[in-house]
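K.L.:
got a sequence here, can you build the structure:
(2 chains)
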2 protein chains.
Amino acid sequence: MKVLGLVVEYNPYHNGHLYHLNTAKSLVNPDYVVAVMSGNFVQRGEPAIIDKFSRTEVAVKMGVDIVFELPFVYAIQDASGFANGAVGILERTSVVSDLVFGSESADIESLSQISDILVNQPKEYKKTLNRYLKEGLSFPNARKYALNDYFAHMNEEKEIIEKLEKSNDILGLEYLNALKLYDSKIKPQAIKRAGASYNEENYTGEISSATAIRKLIEEGDFEKVRDAVPDVSYDVLKREIALKKGPVFLEDMRDMILAKVRMMNRKDFSKIDGIKEGLDRRFLDCSKVSSTINQLLMCVKTKRFTLTRIKRTLLKIFFDLTASDVQLYNKYGPQYLRVLGFSKNGQKLLGQIKKVSKFPIITTPSRYKRIYNKLSDESLLTNKKFNSIPEIFLKQIEYDFLASNIYSLLYKDKKYAIYEPDMVTKVFIY
Amino acid sequence: MKVLGLVVEYNPYHNGHLYHLNTAKSLVNPDYVVAVMSGNFVQRGEPAIIDKFSRTEVAVKMGVDIVFELPFVYAIQDASGFANGAVGILERTSVVSDLVFGSESADIESLSQISDILVNQPKEYKKTLNRYLKEGLSFPNARKYALNDYFAHMNEEKEIIEKLEKSNDILGLEYLNALKLYDSKIKPQAIKRAGASYNEENYTGEISSATAIRKLIEEGDFEKVRDAVPDVSYDVLKREIALKKGPVFLEDMRDMILAKVRMMNRKDFSKIDGIKEGLDRRFLDCSKVSSTINQLLMCVKTKRFTLTRIKRTLLKIFFDLTASDVQLYNKYGPQYLRVLGFSKNGQKLLGQIKKVSKFPIITTPSRYKRIYNKLSDESLLTNKKFNSIPEIFLKQIEYDFLASNIYSLLYKDKKYAIYEPDMVTKVFIY
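P.N.:
This is a model prediction of the structure:
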């Protein structure tokens, strides 16, 4: 049985995603397609433009058999943590056979070689890396140059620098690293991305980046949006906007984020994951001279830290995501498989996953406390049904609920903010 | 020298305030009038409709010689804590001779007798009070009945119950209590309130309550507002609204407050001042089913707790005002005299206060760290210039700054939220 696994955000679903799905399918010829998808907050350090429930609907209608939620605590991490969570979900279904990811190079061999070095950390590499870091380079840059030096030293010519500058290659590399960490049998494959690059901000026709499409939505240019996304995606987008749920932007969090940071002191900042090298001081100072999120980001940003990283850090600050907790999450991986939606076809696969997975499948989130109790009860047994660690299970899933509770405050029409949406929204079945 | 002291909020300044000032002046015939005024948050548990700087401007133009800010940590307390802070400021100027307050009864003799009992707490009274509390009565009600019983027991006929149901009598009583606690020589006098009662929500012509006027402002009925407030007040109100600074309402804090409470757990709530008898649980549950501040308040409210008390508690929750800190504030009183504005006449008095007061006069808030250091340096001396306790000084004044930092996020036009307003806004001189 072939099960194709995808890591997606669908923020929003566009023609490039459809192209990727079709190419991956023709490559793997799968019986099922499953996707792990960011929830209400995405890896760019922003709320998703429409909520996870409507994005799930599009995903399933476009051919994904099961949509799993990437737990919030991974979704807003850097490439490495994001990949750890996403690959963890796919691996822990126990049924995924192939992971196909988009990549600028699609050079899986080179990426694999690099991954070996990153995971095994040979002495020579580590020494060079540390030297670059001490010289003041950012981690991605230091890593890039250290790898380059290492390959030069091994007399191998690799266009390494180029590969590590493209965001999908970086992410692909992290998938490979994560597969190794999980000791996974899932076969990774890279395919060339079609059309616009991830960071291209401008509309480039039928294959436009999600960034460009979100910009069009913000500007209200729905004619162009219609060209760049499948009809199913367009209809759901328009519906969510007509309902006054979306579109949601980071700036909508202005009041809650600025109120929060204006109340924090340096010590509060310093506990947060990703805060180092003076970022606490920068956030502290900048929070006092900024009247919008954008001003805050621009104030905090330095050459050393990318804007995306600052945005992710800001969300971590807002959600009190501490370095020590993130370390635990990355060490133990995701503790449950939250199902957001599935197709008729996917239902069969879900039955199978329930039998073989060592992690609880969550389809009715309101029962999470019962599952937690079950996990706690069996925590001393040697022959456990589940491998989840109860305390980490609880923290992770409550973060998903919290993320939704905060996201619901961002819906344009206040009436949608009434109750914990995760507890009342049914799994999408199609 | 006669110095008349007033306790005010001026939210906004209306004809009733002018009447009170004139009556008080004719009663005391003062050389100077000073007022202690709530800052950006008021005792009703709400942000003020326009900011403290513009309300100071009106106060000074209408004849107050010096406006002192009632520190935030007192302004949002119940009548007792509010009075403690307000009387503390007046007392610690060392120059105020008379305190004149509005009152429904204006029966200073009865209020004084009641105050004696409340401060001295005779055994018989205390026993009855505790019995009523145990029966489930709210504190104000229990106190009211216990006093009634006590006076009946002493064969004194007092229309006690009536007096303790009127909010200005209650507040007046707390002023008397506070004067006793500070062992103050200030002479208290009560005068009848003109026209509408404090809680009257409807427009009642030239003498309308602040509540009614705020409602008119919210509804945009400025013709009626014009009739109910002096021209000076009207002009400043209109200017602040034209600038898109005001009007500010509690509901404007929706995002920041709901985001905050949705992140809190029961233990977080239980540390807050005023949280008891299951209020933590109520706030926890209600925070999850409310999409507006009003819904949250209505959900939390019970017969036992008044709406105003719930609102004050909500602000304390938002600002992390803990029970243990409030206890300290009430034990040691306000630690500085923050001047928001003064008249030419007031300038002379200010010079005198600087000579005789044992508490630092703050006219340039940005120098507060220097004052804190000075206080710390002399904390071991026996012959101190100031009686302030450095740590409490710091906490109190930083709360004032924080309150302004949060308030500035509520200005209608985001551009006013740029920088700590307390650090850059000059004292108003007229």
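K.L.:
only C-alpha atoms from now on, for both contacts and neighbour counts.
P.N.:
OK.
K.L.:
can you tell me the closest non-neighbouring residue to residue A:393?
P.N.:
Nearest residue to residue A:393, sequence neighbours excluded (C-alpha to C-alpha, 6 or more residues apart in numbering or on different chains): residue A:335, at 5.1 Å.
K.L.:
near the one you found, how many other residues are there?
P.N.:
Residues contacting residue A:335 under the criterion other C-alpha atoms under 10 Å in any protein chain shown number 28.
K.L.:
right, and it touches residue A:395 too?
P.N.:
No. Assessed by C-alpha atoms under 8 Å, residue A:335 is found out of contact with residue A:395, at 9.7 Å.
K.L.:
report the buried residues of the strand or helix carrying residue A:140.
P.N.:
Using DSSP states H and E, residue A:140 sits in helix A:139-153. Using 16 or more other C-alpha atoms under 10 Å in any protein chain shown as the test for burial, helix A:139-153 gives A:141, A:142, A:143, A:144, A:145, A:146, A:147, A:148, A:149, A:150, A:151.
K.L.:
over to stretch A:326-339?
P.N.:
For stretch A:326-339, the buried set under the neighbour-count rule, 16+ other C-alpha under 10 Å, comprises A:326, A:329, A:330, A:332, A:333, A:334, A:335, A:336, A:337, A:338, A:339.
K.L.:
also stretch A:246-261?
P.N.:
The neighbour-count check on stretch A:246-261 (16+ other C-alpha under 10 Å) flags A:246-250, A:252-261 as buried.
K.L.:
mind listing residues that contact it?
P.N.:
If you take C-alpha atoms under 8 Å, 6 or more residues apart in numbering or on different chains as the criterion, stretch A:246-261 is touched by A:46-51, A:217-218, A:237, A:240-241, A:283-284, A:287, A:291-294, A:317-318, A:410-412, B:255-257, B:259-260, B:406, B:409.
K.L.:
tell me which of those residues fall in strands.
P.N.:
Of the contacts of stretch A:246-261, the ones assigned to strands by DSSP state E are A:46, A:47.
K.L.:
about what we covered before: so who does the residue nearest to residue A:393 touch?
P.N.:
By C-alpha under 8 Å, 6+ apart, residue A:335 lies in contact with A:359, A:360, A:387, A:388, A:389, A:392, A:393, A:396.
K.L.:
near chain B, which residues of chain A are found?
P.N.:
When proximity is defined by C-alpha under 8 Å from any C-alpha of the partner chain, chain A lies next to chain B at A:255-260, A:262-263, A:288-292, A:402, A:405-406, A:409, A:414-420.
K.L.:
in the stretch 1-150 of chain A, which residue sits nearest chain B?
P.N.:
Taking C-alpha to the nearest C-alpha, chain B has its nearest neighbour within the stretch 1-150 of chain A at residue A:47, 14.3 Å off.
K.L.:
likewise the stretch 251-400 of chain A?
P.N.:
Closest to chain B within the stretch 251-400 of chain A is residue A:256: 4.1 Å, counting by C-alpha to the nearest C-alpha.
K.L.:
what number of residues lie near the closest residue in space to residue A:337 that isn't next to it in sequence?
P.N.:
Closest residue to residue A:337 apart from its sequence neighbours, by C-alpha to C-alpha, 6+ apart: residue A:361 at 4.7 Å. Number of residues near residue A:361 (other C-alpha under 10 Å) recorded here: 19.
K.L.:
same thing with residue A:117?
P.N.:
For residue A:117, the count of nearby residues is 17 (other C-alpha under 10 Å).
K.L.:
also residue A:91?
P.N.:
The number of residues packed near residue A:91 is 22, by other C-alpha under 10 Å.
K.L.:
which helices and strands does the helix or strand where it lies pack with?
P.N.:
Secondary structure from DSSP H and E places residue A:91 in helix A:79-92. The elements that helix A:79-92 packs onto, with contact taken as 3 or more C-alpha pairs under 8 Å, 6 or more residues apart in numbering or on different chains; DSSP states H and E, are strand A:32-38, strand A:66-70, helix A:72-75, helix A:167-181, helix A:323-332.
K.L.:
would you mind finding the most buried of the ones you listed?
P.N.:
strand A:66-70 (a mean of 29; mean count of other C-alpha atoms under 10 Å in any protein chain shown).
K.L.:
got the angle for that one vs helix A:79-92?
P.N.:
140 degrees (axes from the mean of the first three to the mean of the last three C-alpha atoms, to 10 degrees).
K.L.:
now the residue nearest to residue A:337: phi and psi?
P.N.:
Dihedral pair for residue A:361: phi -90, psi 120, per degrees, to the nearest 10.
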